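Q: structure, please.
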Amino acid sequence: MRLDMYLQEAIEKGYGIKLSRSYIERILESGAVLFNDEVIKKKGFDFDPAKQLPVLIEDKVKNIISVYRTGKKQDEEAGAWDASEMGIELDEYRVQKAADIRPRIILETDDIIAVDKPQGVSSHPGKGDRGADSMVYQFIKYMREAHKYIPRAGLLHRLDKDTQGILLFAKNMETYNEVKSQFETRGISKYYLAVCEKTPRMHASLTQHLSYLKKATKGSKTYSEYATTEELVAEVTSSQRSLKLEGYIGRRKGTPYMVYTPDSHTARALVGSKSCVSEVFVISESDSEVQLLFKPHTGRTHQIRAQARYLGAPVQNDRVYGNKDTLGGTMKLCAIAVSLTLKGEQQQISLPLQKIFS
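A: The predicted model follows:
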């Protein structure tokens, strides 16, 4: 039997937690596994469990489990750890210069932090950003100052630089893996408010949907007329059938721009084409704009912005997929609500209405 497979089963049985393969490797690297009184670090080490079993050094195993569950070792603070496991090399200067994330925290528990990402700040530091701030550096700075450690976890998803709204961070690897799994299996519900331009090129599917709603309802409120974000999402999604956009998204050759299409033949001409699904609900309509609530089921780059362009109703002030002559102005796209499961309990996180586009 392979040693790594045995350890995963033994630890789940003995400690009630199923560690990821990377954490099993970390247990091996820590010298916590003995066989014939010899430290074994090779995950592919093969043995016969019917003849002899490995011996686990309990304190070392518990330390790794503690890191997985809480982000901290049992016997020391992690303030000196770097952030390489978040996918970046820790730049101390950028950590010190990062903005204070505390005024933007919507929710914080022992496991997760939800923040209101402002427009103009990247979710994750990227190549060529020349030292600009990012939400990851703000998170690292806050965790080190407020909690005295940097968790070996972090950013759970991303928002475009010019998109505002709810961004989630995990404070330990147990939560990180639990929530990441929900993203991968589409077990998380996300809602985005998009204030879009009404144009003569609006797609027939949207105009027909608007026409139907005019006949079916006496009128609609703008997003700011609702009492809470929770009320907005609940009322809009329960009162109408969604317009479903199910197709493909990929990059147009020779450009950095994404294109959404429902046609598989057209999708073949796109670079890196992937499946793409969203539900769209109408919040309100006026002569010049339509307010839409997007519920994406996939998380593709620029998904909502490209789909809004396809509908002929680009997001207001979107200088990539809308009016390229727009001078300044806030792009009217905001992640306003997220629903997920944490440790078996449903968690609803909403951005207060007064903070949207503020």
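Q: so where do the helices sit in the stretch 1-150 of the chain?
A: According to DSSP state H, counting those that start in this stretch, the stretch 1-150 of the chain carries its helices in the segments 3-15, 21-29, 58-70, 92-97, 135-147.
Q: in this structure, what spans have low per-residue confidence?
A: 71-89, 127-130, 216-219, 325-327 (pLDDT under 70).
Q: using the record's assignment, carve it into domains.
A: Using automatic domain parsing, the domains assigned to the chain come out as 3-70, 84-184, 189-355.
Q: tell me how far the first one is from the chain's mean position?
A: Centroid separation between domain 3-70 and its chain, computed with CA atoms, centre = their mean, to the nearest Å, is 31 Å.
Q: for that domain, measure first residue to last.
A: Using CA to CA, to the nearest Å, the end-to-end distance of domain 3-70 comes out at 26 Å.
Q: pretty sure Cys334 is touching Gly165, no?
A: Yes: counting by CB atoms under 8 Å, Gly165 is a contact partner of Cys334 at 4.5 Å. For every residue, glycine as well, the C-beta is placed using N, CA and C.
Q: helix/strand/coil for the most centrally placed residue in the chain?
A: Geometric centre of the chain, nearest residue: His157, 2.2 Å, by CA atoms, centre = their mean. Three-state call for His157 (DSSP: H, G, I helix; E, B strand; the rest coil): coil.
Q: what's the separation between the residue lying closest to Glu108 once chain neighbours are set aside and Ser278?
A: Excluding its sequence neighbours, the residue lying closest to Glu108 (CB to CB, 6 or more residues apart in numbering) is Ala114, at 7.6 Å. Relative to Ser278, Ala114 is positioned 22 Å away (CB to CB, to the nearest Å).
Q: between those two, who's got more neighbours?
A: More neighbours surround Ser278 than the other of Ala114 and Ser278, with 24 against 21 (other CB atoms under 10 Å).
Q: what pairs with that one across the strands?
A: Note on Ser278: beta-bridge partners by DSSP bridges are Leu245, Pro296.
Q: show me the contacts for it.
A: Ser278 is in contact with 244-245, 294-298, 303-304, 307, counting by CB atoms under 8 Å, 6 or more residues apart in numbering.
Q: mind redoing it with 6 Å?
A: Shown in contact with Ser278 (CB atoms under 6 Å, 6 or more residues apart in numbering): 245, 294, 296, 307.
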